[in-house]
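Asks: okay, here's the prediction I keep looking at, along with the sequence it came from:
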Amino acid sequence: MSTGTTKLDVVVSDVVPVNDLVTRFHFRRRDGELLPTFSGGAHVVVEMRDGDRTRLNPYSLMGSPLNTGEYTISVRRDDVGRGGSLFMHRSVKPGLEMVISYPVNLFSLDLRAKKHLMLAGGIGITPFMAQTAQLAAEGGNFELHYTCRTASLGTYADVLQQRYGRRIRLYHDDRDERIELDRLLSSQPLGTHLYVCGPSGMIGWVRDRAAALGWPSETVHFEHFAAPLPGAPFDVTLAVTGKTIRVDEQQSLLEAIEAAGVDPPYLCRGGVCGQCETNVISHDGKFIHNDHWLSEEDHRSGCKIMPCVSRFEGKSLVLER
Amino acid sequence: MAAKSIISRPVYGTLSPQPGKHHLFIADAEGALAITDMAATAPVGFFDGAHIIYIPGPDGAHIAALEALRPAQFYQGYSFASALPRLKQTLANAHMGLRLYLAGTEGLIGQAMQVALEAGIDHTSMQTEHRGSLARRMQCVHCKGITENVTTQPATCSHCGLLLLVRDHYSRRLAAFQGVCINAEDRSEIPPMEEIFR
C-alpha cells in the first residue's frame, strides 16, 4: 500500500444536481478538521459501499485548492457503466459517512509554463475547475477551450465564464462548433503548456496534432481515467499467493484480487498511475488492455497487465501476485 | 566526447530532425558539422523553416557548408554575446512549434540553453550535440565571477585570483561548472596545473 491510499473519514455535506447528467458532492472531515492540501488536477478515490460490494472510483477534485474546508467532486451519471456513478446519484445523500483516499495528483500544472492552454471535453472539465482557481489566485496566464454536447450539458460553463470571461471559449457539438485545433496550437507563445482532459478520442486527437505541430511531449499533459469495462467472466491464478480467483462480469481484475484477500498496491484505479502494474507469468488467450500506462510494446508482449482497468479472455492466465 | 560523471554533468546527444514548424539552430565552430551531418537525414524542405545562428570563430571554416543548406535565415556572429540580442528577440517572438538545436562547444550549448530555459523551453526538449573544444565556463563559488574557456585543472579565477578545482558539478541556471578553492587550508600549497579540458 502506498501513501496515496491513506484514507480520510468524511461525511457528505451537500449533494447538488448540476444538470440532467451531473451531480456535485461535497465532503467534509467527520472530525471537523481541515482536509489535506491539494493542487489543481488532483483526484481522490471514493469508496462506495453498496451492499456486499465495494467499488473504488477516482474523481477529480473540482473545488479551489485554496479551500480545504471541503472537497467537491462532480459525477456524471453513466447508465451503462458498472454502477459506480449510479450508486453516487441514487444512494449518496447529505449526512452519509464515506471513506475517500488522500488526494493524489497525476495531472498537475507545470508552473514553469509561461502560459497554460487547457482543452476540456464534457465531464473532463472537473480538474480544470481546480486548476483555473489555482492559477487565477496567483495571476497565472491561462485559456480554457471547452467542448460540450449542448449548452444545457455544458457543466459549469456558466460559472467559468462568469469567473474568467474571455479566457473561456465554449464549443457546442449541437451547433456544429469545433475547435480549430491546428490554428490554436500554432498560435501559442513559446513556453506554453497544453493540458487535455476528456473522452479518449479527443485526447488522442489533441496529442497527435500537438506532436505533429512540434509540441515537445514534455509540454503536453493529459488525463483520462478509464473506467473498468464490464466483460465476460474469467479465471486467474495468482502464483505468489497460490490462489485461483474468478473475475465476475461487473468486477475489475483488481477488485477480484482484493476480494480474494490479496492487497496489491494501487493509486488511481483508472489505468493512469502505474501502481498496480502486474507481471504475467503465463497466459493462453487474449488481453483486453484498457490502460494509458503501459507502452504499446508492453501490450503486445503479453508480459504485463494493469488489473485496475484491463481484462482477459481465454483459457488460462497466471499472474505474479 | 565528454566523459560520464556525476548526474549534474550534462550529457549531449546527436542532433536529429524533430517534427515542428520552425527550427532554430545555434552553433559555434565545429558545431556546424553536427548540423550538416543531421541535414543528410532531414526531410526535403526541412531548412525552409530553419534559422541558423552561427558563431564561426577565427578560421570561419564551415560558413559555406551551412549556407549551402539554404536555411530561411542565416546569421553569423562574432561572439555569443554579439548573437545574444538576436537569439533573445527570436525566442520572444516565437510560437510553440519552434524546435531548438544546439551544437558546438559546451560553453555555447550551455549559454544558449540558459536563454532558452528562460524563454520556457524545457531542457529535455532541446536537441544538443557536443563538437569541438571541451573548454569550460566556470563559476567561482567564492566571488561568483565566471571565467570563460577554462582548459586547466586547477584553474585560476579571472576575478578574485583564487586557485580553483574545476568540478563536474554543473548549473543549467548559470550555464557554468563549479570552481572551488583547491588550497583553502594552506594557500602556499600549489598543486601542479594540467591542461585537461582541450
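Replies: Now that the structure is in, tell me what you want to look at.
Asks: mind pulling up the phi and psi values for the closest residue to residue A:276 other than its chain neighbours?
Replies: Nearest residue to residue A:276, sequence neighbours excluded (C-beta to C-beta, 6 or more residues apart in numbering or on different chains): residue A:266, at 4.5 Å. Using the backbone N, CA and C atoms, a C-beta is placed for each residue, glycine as well. For residue A:266, the backbone dihedrals (degrees, to the nearest 10) come out as phi -150, psi 160.
Asks: what about residue A:266, neighbour count?
Replies: Neighbourhood size, residue A:266 [other C-beta atoms under 10 Å in any protein chain shown]: 23.
Asks: that one reaches residue A:254, doesn't it?
Replies: Yes: at 6.4 Å, residue A:266 counts as touching residue A:254 under the criterion of C-beta atoms under 8 Å.
Asks: what touches both of these two?
Replies: Here residue A:266 and residue A:254 share the contacting residues A:276, A:308, scored by C-beta atoms under 8 Å, 6 or more residues apart in numbering or on different chains.
Asks: domains in the chain, by residue range?
Replies: Just so you know, I chose chain A. A:3-105, A:115-223, A:234-319 (automatic domain parsing).
Asks: you looked at the wrong chain, it should be chain B
Replies: Taken from automatic domain parsing, chain B resolves into B:22-130, B:136-195.
Asks: mind putting those into JSON lines with mean neighbour count and distance to chain A?
Replies: Converted to JSON lines, the domains of chain B look like this (neighbours: other C-beta atoms under 10 Å in any protein chain shown; distance: least, C-beta to the nearest C-beta, whole Å):
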{"stretch": "domain B:22-130", "mean neighbour count": "18", "distance to chain A": "2"}
{"stretch": "domain B:136-195", "mean neighbour count": "16", "distance to chain A": "12"}
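Asks: any chance of those in CSV, plus mean pLDDT?
Replies: Output for those, formatted as CSV (pLDDT from 0 to 100):
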stretch, mean pLDDT
domain B:22-130, 96
domain B:136-195, 96
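Asks: nearest to residue A:188, out of these?
Replies: Of all the domains of chain B, it is domain B:22-130 that lies closest to residue A:188, at 4.4 Å by C-beta to C-beta.
Asks: tell me where the stretch 151-300 of chain A has strands.
Replies: A:168-172, A:192-197, A:220-223, A:234-238, A:243-247, A:278-288 (DSSP state E, counting those that start in this stretch).
Asks: and of those strands, who's closest to chain B?
Replies: strand A:192-197 (5.2 Å; C-beta to the nearest C-beta).
Asks: which one of the domains of chain B lies nearest to residue A:78?
Replies: The nearest among these, by C-beta to C-beta, is domain B:22-130 at 34.8 Å.
Asks: and the pLDDT for residue A:2?
Replies: What the model reports for residue A:2 is a pLDDT of 44.
Asks: how about residue A:228?
Replies: Looking at residue A:228, its pLDDT is 82.
Asks: residues contacting residue B:147?
Replies: So residue B:147 contacts B:137, B:138, B:139, B:140, B:155, B:156, B:157, B:158, B:159, B:179 (C-beta under 8 Å, 6+ apart).
Asks: what residues are bridge-paired with it?
Replies: residue B:138 (DSSP bridges).
Asks: how about the nearest residue to residue A:200, chain neighbours excluded?
Replies: residue A:224 (5.3 Å).
Asks: ok, that neighbour touching residue A:198?
Replies: Yes: contact criterion C-beta under 8 Å: residue A:224 and residue A:198 qualify, at 7.4 Å.
Asks: what is in contact with these two at once?
Replies: Contacts common to residue A:224 and residue A:198, judged by C-beta under 8 Å, 6+ apart, are residue A:124.
Asks: can you tell me which of the strands of the stretch 151-300 of chain A is most buried?
Replies: strand A:192-197 (a mean of 24; mean count of other C-beta atoms under 10 Å in any protein chain shown).
Asks: and residue A:111, what element?
Replies: Per DSSP states H and E: residue A:111 is located in neither a helix nor a strand.
Asks: tell me, what's the model's pLDDT at it?
Replies: For residue A:111, the pLDDT comes out at 94.
Asks: tally of neighbours for it?
Replies: 12.
Asks: how close does it sit to residue A:48?
Replies: Separation of residue A:111 from residue A:48 (C-beta to C-beta, to the nearest Å): 34 Å.
Asks: before we move on, what about residue A:205?
Replies: Distance from residue A:205 to residue A:48, by C-beta to C-beta: 32 Å.
Asks: for chain A, which residues are neighbours of chain B?
Replies: A:112-114, A:185-192, A:211-216, A:218-219 (C-beta under 8 Å from any C-beta of the partner chain).
Asks: just the residues you listed: which are in helices?
Replies: A:185, A:186, A:211, A:212 (DSSP state H).
Asks: need the contact list for residue A:291.
Replies: A:226, A:271, A:272, A:306, A:308, A:309, A:310 are the contacts of residue A:291 under C-beta under 8 Å, 6+ apart.
Asks: recalculate using a threshold of 7 Å.
Replies: A:226, A:271, A:306, A:309, A:310 (C-beta atoms under 7 Å, 6 or more residues apart in numbering or on different chains).
Asks: likewise residue B:14?
Replies: Applying C-beta under 7 Å, 6+ apart, the residues near residue B:14 are residue B:129.
Asks: helix, strand or coil: sort out it for me.
Replies: coil (DSSP: H, G, I helix; E, B strand; the rest coil).
Asks: that one and chain A, how far apart?
Replies: 17 Å (C-beta to the nearest C-beta, to the nearest Å).
Asks: which residues sit in contact with the residue most central in space within chain A?
Replies: Taking C-alpha atoms, centre = their mean, the centroid of chain A lies closest to residue A:225, which sits 3.4 Å from it. Contact analysis of residue A:225 by C-beta under 7 Å, 6+ apart lists A:58, A:268, A:270, A:272.
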